[in-house]
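Enquirer: Please find the sequence and the predicted model below.
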Amino acid sequence: MNTYLQIAWKNLIRSGRRTVVTLIAIVVGIAMMVFTNGFNAGMTSQWGSSLINETDGHVKIHHVDFYKFGISDREKVFIENPDGLIAELRKSSHVTAVMSRTALAGLIGRDENSTTFYGAVNDLAEIDAVLPDHGKLVVEGRPLSGEDPNGVLIGRGLARSLAAGIGDELVILSSTIQGDQSSTLVHVRGLIRVKDNPQAEQSVLLGGLSDEMRIDLLDSGAGTTELVVRLDAEQNVKQVVDSLNRSFASQGAPWIAEPWYSNRELSFLTAIFNGIGVTVTIVLSLIVSFIVSNAMLMSIFERIREVGSIRAIGADKRQIYGLFYLEYLIMTSLGGLLGLVAGALLITLGQHTGISFSDGIFAGVRPVLEIRNLLTSFLIPLAVAAGAVFFPVRSSCRMSVVDSLNYN
Amino acid sequence: MSIRIASVTKQYQLGMTTVNALRGISLKIEQGEFVALVGPSGSGKSTALHILGALDRPTSGEVWIQETPVTQMSDKQLARLRREHIGFIFQSFHLIPVLSVYGNVEFPLLLMKTPKQERRERVMATLECVGLADRAQHKTEELSGGQRQRVAIARALVTRPSIILSDEPTANLDSQNGKGIIDLMQKLNEEQRVTLVFATHDASIVSRAKRIVHILDGAIVEEVPASVLQG
Ligand SMILES: Nc1ncnc2c1ncn2[C@@H]1O[C@H](COP(=O)(O)OP(=O)(O)OP(=O)(O)O)[C@@H](O)[C@H]1O
Ligand SMILES: [Mg+2]
């Protein structure tokens, strides 16, 4: 074995307990970092895929003031001729399906019970293509289907307050796009749950954009308030959104394309979770690098006399740095690799069992293993430690040779 | 290789007081000499030895090694000078504890990047010379004090330095072992013309030296050629 390696290795063995404690700290710290970041990534991607495949599609197109007037004054944000817009969207080779969706709100009643609701009705001819997993929302009954255009899904809470079950008929009182009072009859096809949002479950309704809806309730003709778009691949979302928005702006059209990830709840929670991830990374990095550099500090100061004698026989500072950094490298790469393996194992375990903190977005989260996550979990703490190791080595080299020989 | 120092002083600052360890000493040591620095404890022998061996820098004065001024050299150049031309032997051996006898003797050659085959030959030849060839793979803690000092001598010799400086090499040894060490050193001096400079209290070393330099309170008080002593 190379003599420098031998010196480093045997010194690690000689201070066995300290080495073991340091290794454990590195392994646990890095494994925790890997796991935390893997959980975050898993949660985000899980939520993202439920937004994309169950509710929001890849991109939504609506009026710039949609969120302001989408319920109160739909005429202001109405897309009168969606076919033109759809034709234009379909020119993009990335667009695979487009679905009309119209926002809806009002009163809903069964027998003598009635309550407020809000929701949306979708073009059922396109829903399977645009939202392939829309059926996953349904916890009881059956998903929306073109064969049953007047069958709607309602939140479990809403069903409870209306004392309604599958198959029951409901009356919707709402208004047309123009604001006149209107009504229609629908029946309950299924019950849905809204992840981590019991209030929404009290009032949500999803239905089909059937002829009855268009004519009786909305008086909307062929128009709608929103288009939901599915693309060929997730990585094209940004490019498509950008080019659509550029083209809307150049035409002076009032529309705006929104990517799935601009969902406010998602951005809010992912910001919080990224913050937690960054904090965990920083804190663990500091702890790991503190323990590593402390072990190295002890190793260096125990051997000041040895450093003196090695320098006396002609080692220059570079060679002294080399000696200690080799020791550091052996310890951290060993601990780091074990930590990565432990973290990866935890993630794999989590992928099998799923991890639940709630019954909604944190239910059955499958953490994901990303190379980027492994690299940062490995490199950040060890780079900080490498920096911290530098100073004791430097001060041991700054001592005069004679002083270090006589040090005790 | 010759060493020359001129008007060398060394001061240590201890809080408010200044210790004058050397008060302007001048000395010339020629290739192949065997010099003993003697004097009472605290007189400045070790300090002088460190300066002669480019281990330490003087506060003032000049040092030439092979007529090259040393005081202007960088730390890196000094390290190289020590690595290539100077061997040190210390009172407390200062071996590298995690390395075997072989590894300790090999170490200076590693610093010099000597090729592996040559390293092996030279380490074994040097261990042979100090009588430890059969202990090459032992740990240094398995050796007696005298044996350890011989490892240190081998480590100092293996680079074939032209000068070996030694600070009380026998002080931690019993007289038997001490004598063995001196015999060995004397043999090297006579057969290989290795320059030897000792700082010592040991009368048996002093009696074998060819030149004795008395230091008292940081100054050279007299130089006695061996011929005078023996006469
Ligand atoms: N690092 C230091 N800091 C302060 N004073 C020092 C230092 N090293 C040596 N001295 C002082 O310098 C003087 C000379 O010391 P030196 O070690 O050279 O003496 P010495 O002749 O080798 O003594 P001994 O025979 O005891 O080894 C002493 O007074 C000592 O106290
Ligand atoms: Mg001394």
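Expert: Cool, got the structure. Ligands and ions are numbered 1, 2, ... in the order given.
Enquirer: The host helix or strand of B:A48 and ligand 1, are they touching?
Expert: B:A48 is part of helix B:45-52 when elements are defined by DSSP states H and E. Yes. Residues of helix B:45-52 are located near ligand 1 by Cβ under 6 Å from any ligand atom, namely B:K45, B:S46, B:T47. Yep, even glycine has a C-beta here, placed from its N, CA and C like the rest.
Enquirer: Throw these into TSV and include pLDDT and neighbour count, thanks.
Expert: Output for the residues of helix B:45-52 next to ligand 1, formatted as TSV (pLDDT from 0 to 100; neighbours: other Cβ atoms under 10 Å in any protein chain shown):
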residue	pLDDT	neighbour count
B:K45	96	24
B:S46	95	22
B:T47	96	23
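Enquirer: coming back round to it: in terms of contact count, name the helices or strands touching the helix holding B:A48.
Expert: Here helix B:45-52 touches strand B:3-14, strand B:17-29, strand B:34-38, strand B:163-167, strand B:195-199, going by 3 or more Cβ pairs under 8 Å, 6 or more residues apart in numbering or on different chains; DSSP states H and E.
Enquirer: Could I get the full set of strands for chain B?
Expert: Assigned by DSSP state E, the strands in chain B fall at B:3-14, B:17-29, B:34-38, B:60-65, B:68-69, B:86-89, B:163-167, B:195-199, B:211-216, B:219-225.
Enquirer: Quick one: residues contacting the closest residue to chain A within chain B.
Expert: Closest approach of chain B to chain A (Cβ to the nearest Cβ) occurs at B:R83, with a separation of 2.5 Å. The contact partners of B:R83, by Cβ atoms under 8 Å, 6 or more residues apart in numbering or on different chains, come to A:I313, A:G314, A:A315, B:P108, B:L111, B:M112, B:T159.
Enquirer: right, and the pair among those residues with maximum separation?
Expert: Across these, the longest distance by Cβ to Cβ is 12.4 Å; it joins A:A315 and B:T159.
Enquirer: weakest of the strands of chain B in terms of mean pLDDT?
Expert: Note on these: strand B:219-225 shows the lowest mean pLDDT, a mean of 85.
Enquirer: List of residues touching it?
Expert: B:22-27, B:44, B:210-215.
Enquirer: Same list (those) but as a markdown table, adding distance to B:L165 and neighbour count.
Expert: Listed next are those as a markdown table, based on distance: Cβ to Cβ, whole Å; neighbours: other Cβ atoms under 10 Å in any protein chain shown:
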| residue | distance to B:L165 | neighbour count |
| --- | --- | --- |
| B:L22 | 16 | 25 |
| B:R23 | 21 | 15 |
| B:G24 | 21 | 16 |
| B:I25 | 15 | 22 |
| B:S26 | 18 | 12 |
| B:L27 | 13 | 19 |
| B:G44 | 15 | 25 |
| B:K210 | 16 | 17 |
| B:R211 | 15 | 19 |
| B:I212 | 16 | 22 |
| B:V213 | 13 | 22 |
| B:H214 | 18 | 17 |
| B:I215 | 15 | 22 |
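Enquirer: ok, which of those residues also contact ligand 1?
Expert: Within the contacts of strand B:219-225, those near ligand 1 by Cβ under 6 Å from any ligand atom are B:G44.
Enquirer: Against B:F198, how distant is B:W64?
Expert: Separation of B:W64 from B:F198 (Cβ to Cβ, to the nearest Å): 21 Å.
Enquirer: Look at those two and report which has more neighbours.
Expert: Using other Cβ atoms under 10 Å in any protein chain shown as the criterion, B:W64 and B:F198 rank with B:F198 on top: 27 against 15.
Enquirer: Okay, and the beta partners of that one?
Expert: With DSSP bridges as the criterion, B:F198 is bridged to B:A36, B:S166.
Enquirer: Might one say that it is in contact with B:K45?
Expert: No. Between B:F198 and B:K45 there is no contact under Cβ atoms under 8 Å: 9.0 Å.
Enquirer: Identify the contacts common to those two.
Expert: Joint contacts of B:F198 and B:K45 (Cβ under 8 Å, 6+ apart) are B:L37, B:D167.
Enquirer: B:I89 bridge partners, please.
Expert: Going by DSSP bridges, B:I89 forms beta bridges with B:S166.
Enquirer: residues in contact with B:H50?
Expert: A:V401, A:V402, B:D56.
Enquirer: ok so, going back, mind putting the helices and strands packed on helix B:45-52 in JSON lines, distance to A:S182 included?
Expert: Formatted as JSON lines, these follow (distance: least, Cβ to Cβ, whole Å):
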{"stretch": "strand B:3-14", "distance to A:S182": "98"}
{"stretch": "strand B:17-29", "distance to A:S182": "103"}
{"stretch": "strand B:34-38", "distance to A:S182": "114"}
{"stretch": "strand B:163-167", "distance to A:S182": "106"}
{"stretch": "strand B:195-199", "distance to A:S182": "111"}
